[in-house]
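Undergrad: Need coordinates for the following:
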Amino acid sequence: MTPLVMPAATAIFSLPSMTAATRPRIGFLGTGWIGRQRLEAIARSDTAEVTAIAEPAREMAAECSSVAPEAVMLSSLEELLELPLDGIVIATPSALHAEQAIAALEKGIAVFCQKPLACSQLEVARVIAAARRSNVLLGVDLSYRFIRAVRKVRELVQVGDLGRVFAADLVFHNAYGPDKPWFYDWELSGGGCVVDLGTHMLDLALWTLNYPGVDHVSSRLFAQGKPLHGRGDSVEDYAIARLDLETGPSLVLSCSWKVNAGRDAVISGTFYGTKGGACFHNLNGSIYDFAAERFRGTTRETIAEPGDDWGGQAAVQWAARLAAGRSMIPKLND
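TA: Have a look, this model is predicted:
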């Protein structure tokens, strides 16, 4: 693993200037559960105009039309690219992301893409190169960065309140698995629970620690309780990995689908430092509600409580950047 992958997938690139009053015209490609949530978040925020929706499934298209009644209903990316759009939100199977993003970027259309941006480092590099050539905005939906509890823990690490952080444990176990068949097909998904869930935890760890380089990675993958070696007929439904970072800390990451977790989901990130520790974690199995605590010896203090509406904020911020005509490439930890 190299430091390129995660920063590249989270970077946002420049856009030709717009006036402050401009509401960018946005098209949506794919409106499954996540795509529809992002559509609803942008529509509610009024940061952009939902101009077109490409969704071949009639039932999903009908649900979206109630959220954006003035949007043109289409069935393909090719039709979207014929419209005068400022940006496209991509929420399709993972293996399609890279080529779809490149097609839009080469047309001079900004892109907000579901993670993963692509299924390999080479594909990620191709997408970023297309964004740079066209000088348009590129964002990836790493939505967990916008949870208040996550941001509070990161703040403690960043200001040095925990001292020198030397270890972190990241967990995302889900008692359920995806309900779409493509998630279980290597060719369409690029992997199993690591791509689906582990990506979020790895991003949060590296983002919190300012993207250190990675010295060494060891890992094990399982499918239905059996070790998984290489690509085959199955994708992993349980994974555990250890990453030793160039700056000293070690990260331990585990994630799973359909595990006997005793609740709907177990999601947490714990950082241990020489002056204390801090943890964000979900509450009562929820995938929406998070709290954070600060540890000192055997005591703990609540530093963030649930109640924030974070799910669509990555998409809303991308749309706001697009509307503002952001022309400077931000720092990777912005």
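Undergrad: going forward, measure contacts between C-alpha atoms and count neighbours the same way
TA: Noted.
Undergrad: Assign a three-state SS to Asp233, would you?
TA: Following DSSP: H, G, I helix; E, B strand; the rest coil, we place Asp233 in the coil state.
Undergrad: mind listing what it touches?
TA: Neighbouring residues of Asp233 by C-alpha atoms under 8 Å, 6 or more residues apart in numbering: 185-186.
Undergrad: now the one 3 residues further on
TA: Shown here is Glu236, whose contacts under the criterion C-alpha under 8 Å, 6+ apart are 191-194, 221-223, 228.
Undergrad: so can I have JSON lines of the residues you listed showing secondary structure, pLDDT and distance to Arg154?
TA: Converted to JSON lines, the contacts of Glu236 look like this (DSSP: H, G, I helix; E, B strand; the rest coil; pLDDT from 0 to 100; distance: C-alpha to C-alpha, whole Å):
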{"residue": "Gly191", "secondary structure": "coil", "pLDDT": "91", "distance to Arg154": "28"}
{"residue": "Gly192", "secondary structure": "coil", "pLDDT": "94", "distance to Arg154": "27"}
{"residue": "Cys193", "secondary structure": "helix", "pLDDT": "96", "distance to Arg154": "24"}
{"residue": "Val194", "secondary structure": "helix", "pLDDT": "95", "distance to Arg154": "22"}
{"residue": "Leu221", "secondary structure": "strand", "pLDDT": "96", "distance to Arg154": "28"}
{"residue": "Phe222", "secondary structure": "strand", "pLDDT": "96", "distance to Arg154": "31"}
{"residue": "Ala223", "secondary structure": "strand", "pLDDT": "94", "distance to Arg154": "33"}
{"residue": "Leu228", "secondary structure": "coil", "pLDDT": "91", "distance to Arg154": "34"}
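Undergrad: Give the PyMOL command for selecting the buried subset of the residues you listed.
TA: Buried subset of the contacts of Glu236, written as a PyMOL selection, criterion 16 or more other C-alpha atoms under 10 Å:
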select buried, resi 191+192+193+194+221+222+223+228
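Undergrad: From the contacts of Glu236, pick the one nearest Ala314.
TA: Using C-alpha to C-alpha, Val194 comes nearest to Ala314 of the contacts of Glu236, at 20.6 Å.
Undergrad: one step back: can you tell me which of the contacts of Glu236 is nearest Thr247?
TA: Checking the contacts of Glu236 against Thr247 by C-alpha to C-alpha gives Val194 as the nearest, at 23.8 Å.
Undergrad: residue ranges with poor pLDDT in the protein?
TA: Along the chain, the model assigns pLDDT under 70 to residues 1-21, 231-232, 326-334.
Undergrad: what's the domain layout of it?
TA: What the record gives for the chain is the domain set 5-143+312-324, 148-304, from automatic domain parsing.
Undergrad: Give the residue farthest from the middle of the protein.
TA: Here the chain reaches farthest from its C-alpha mean at Thr298, the gap being 33.6 Å by C-alpha atoms, centre = their mean.
Undergrad: Give me the phi and psi angles of that residue.
TA: Backbone dihedrals for Thr298, given as degrees, to the nearest 10, come out at phi -100, psi 10.
Undergrad: Asp237 - how many residues pack around it?
TA: Asp237 is flanked by 25 other residues according to other C-alpha atoms under 10 Å.
Undergrad: ugh, typo on my part, it should be Lys226
TA: For Lys226, the count of nearby residues is 11 (other C-alpha under 10 Å).
Undergrad: Run through the bridge partners of it.
TA: Applying DSSP bridges to Lys226 gives these bridge partners: Ala223.
Undergrad: Now do the same contact list for the one residue sitting closest to the centre of the chain.
TA: A centroid search over the chain (C-alpha atoms, centre = their mean) returns Leu142, at 2.2 Å, as the residue closest to the centre. By C-alpha under 8 Å, 6+ apart, Leu142 lies in contact with 10, 114-115, 200, 203, 314.
Undergrad: So which of those residues wins on neighbours?
TA: Lys115 (25 neighbours).
Undergrad: which residues touch it?
TA: Lys115 makes contact with 94, 140-142, 199 under the criterion C-alpha under 8 Å, 6+ apart.
Undergrad: re earlier: considering the contacts of Glu236, which is situated nearest to Leu283?
TA: Distances from Leu283 to the contacts of Glu236, taken by C-alpha to C-alpha, are shortest for Cys193, at 20.9 Å.
Undergrad: Just list the residues touching that closest one, thanks.
TA: Residues in contact with Cys193 (C-alpha under 8 Å, 6+ apart) are 235-239, 255-257.
Undergrad: Would you reformat those as TSV and include distance to Leu85 and secondary structure?
TA: Below are the contacts of Cys193 laid out as TSV (distance: C-alpha to C-alpha, whole Å; DSSP: H, G, I helix; E, B strand; the rest coil):
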residue	distance to Leu85	secondary structure
Val235	36	coil
Glu236	38	coil
Asp237	38	coil
Tyr238	40	strand
Ala239	40	strand
Cys255	38	strand
Ser256	38	strand
Trp257	37	coil
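Undergrad: which one among those gets closest to Arg321?
TA: Compare each of the contacts of Cys193 with Arg321 using C-alpha to C-alpha and the shortest gap goes to Cys255, at 32.2 Å.
Undergrad: Helices of the stretch 151-300 of the chain, residue ranges please.
TA: Using DSSP state H, counting those that start in this stretch, the helices of the stretch 151-300 of the chain run over residues 186-189, 193, 199-208.
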